[in-house]
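Enquirer: Below is the sequence, then the predicted model.
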Amino acid sequence: MKMKRLNKQSGFTLIEVMVVIVILGVLAALVVPNVMGKVDSSKIKTTEITLNSVAKELDAFKMDNNRYPNSQDGGLEALVTQPANAKNYPIGGYLKKYPKDSWDNDLQYVNPGSDGRPYDLYSLGADGKEGGEGTDADIYYKY
């Protein structure tokens, strides 16, 4: 009994490889824009949550010291490091580090605020500049 040796090569043809590449390209074209849009909206939402958290710590500072931090206190730095004129201050401060938005930009704080508010607390958005649209738009803490 003789065994015949097959000399066939196995593998994919060029057409099969091209079809797979086209399918992957179509899937990427459909999925990537949806994922990228979710990343932007999640960064905005995360920044809004950060603003709310910092506002709660500002309220705690006011409860302890009968006022919100001002520029003499270093603004938001007063939540990290005790100002000289803050009599009631918790050990370890209100925050562990200076608050930043989702794009790693410092949050902005102005005391007194506009329109009769005690303060304005906001992020400058993705571009780190005032104004803008979309992800570059400023995000304000909503009272």
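Expert: Sure thing, it's come through. Numbers count the residues shown, from 1 in each chain.

Enquirer: Give me the distance between the residue nearest the centre of the chain and E133.
Expert: Most central in the chain under Cα atoms, centre = their mean is S102, positioned 1.7 Å from the mean C-alpha point. Counting by Cβ to Cβ, to the nearest Å, the gap from S102 to E133 is 17 Å. Every residue, glycine included, has its C-beta placed from N, CA and C.

Enquirer: where exactly do the helices run in this structure?
Expert: For the chain, applying DSSP state H gives helices covering 14-65.

Enquirer: Show me where it dips below the pLDDT cut-off.
Expert: 1-9, 36-37 (pLDDT under 70).

Enquirer: thought N111 was touching Y68?
Expert: Yes. Counting by Cβ atoms under 8 Å, N111 does reach Y68; the two are 5.4 Å apart.

Enquirer: Common neighbours of the two, please.
Expert: Applying Cβ atoms under 8 Å, 6 or more residues apart in numbering, one finds that N111 and Y68 are jointly contacted by 118-119.

Enquirer: re the thing from before, name the nearest residue to the residue nearest to the centre of the chain, sequence neighbours excluded.
Expert: Of all residues not flanking S102 in the chain, K43 sits nearest, at 3.8 Å (Cβ to Cβ, 6 or more residues apart in numbering).

Enquirer: Return the set of buried residues in stretch 85-101.
Expert: 89, 93-95, 99, 101 (16 or more other Cβ atoms under 10 Å).

Enquirer: How far does stretch 130-141 sit from its chain's centre?
Expert: Its chain's C-alpha centre and that of stretch 130-141 lie 13 Å apart, by Cα atoms, centre = their mean, to the nearest Å.

Enquirer: That one spans what distance, first to last residue?
Expert: 15 Å (Cα to Cα, to the nearest Å).

Enquirer: Same question for that stretch: list its buried residues.
Expert: Buried-residue list, stretch 130-141, by 16+ other Cβ under 10 Å: 135, 139, 141.

Enquirer: hmm, who's touching it?
Expert: 40, 43-44, 47-48, 51-52, 54-55, 101, 120-127, 129.
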